[in-house]
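[1] Prediction below, plus the sequence it came from.
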Amino acid sequence: MALPALLAAGLIGFALGVIGSDEATKEEAEKERKRHEEEAKKATWLETERERARQQAEEWDMIADSDEEDKELFDMVGNILLRRDGESEEEHAARICALYAIGAHVGYFDPETDIDEEILGEPERSDLIAELESGVSFDVIKEKFLDRLAAGELRNLDGIVRHIIFVEGETDDSTYDFYAYKWKPYLDARLKG
């Protein structure tokens, strides 16, 4: 009688082990399915953003080409580096530094060669170059430069950031991740707040 009870207990243990491993397999499969869904959503979102940025760039080109006066106005409005009427030197420098810092952060600008001393005077230029070459984080960029910009300036900067990332050239997944998971949430929070 002890042997059949032992065999029955063994079969019950085996069945529970199979059922338990089946549950673990189902959980693992569900996690994998969710991961693939998230990747598909991200890829779709990024492709949509690329297309939107391309369309905006085409629209800007059409506006700029429509008339010589419109083109001059387009160039002035589109150029974030110009000093605004009534803008303090500090506000102007913050906007320029924000542009260069984001551009360097995504690998578009080379701080040493691309930051023109006529646009950003000394010592701000040297300080910014040293900071960017040391690998400044996005959190530092937000704190030092972006948090000082008005919502309208952030919108202008967003157009440039999207153009750099989605239109200008070949960028890698980390750059798209930067836009999707750092820049866009920051921008949305600032524009809502």
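    All right, it came through fine. Numbers count the residues shown, from 1 in each chain.
[2] In this structure, what helix or strand scores lowest on average pLDDT?
    helix 68-78 (a mean of 40; mean pLDDT, DSSP states H and E).
[3] Now the element after that helix, going C-ward?
    helix 89-105 (DSSP states H and E).
[4] and that next one, average pLDDT?
    Helix 89-105 carries an average pLDDT of 83.
[5] Could you list the buried residues of that helix?
    91-105 (16 or more other C-beta atoms under 10 Å). (Glycine included, C-beta is placed from N, CA and C.)
[6] Specify which member of these is nearest to Glu37.
    His105 (29.2 Å; C-beta to C-beta).
[7] tell me the contacts of that closest one?
    132, 136, 138, 141, 178 (C-beta atoms under 8 Å, 6 or more residues apart in numbering).
[8] Likewise for Val136?
    Val136 neighbours (C-beta under 8 Å, 6+ apart): 101, 105.
[9] do the same with Tyr186
    138, 142, 146 are the contacts of Tyr186 under C-beta under 8 Å, 6+ apart.
[10] just the buried members of the residues you listed?
    138, 142, 146.
[11] Hmm, the first one is touching Tyr181, no?
    No - using C-beta atoms under 8 Å, Phe138 is not in contact with Tyr181, being 10.0 Å away.
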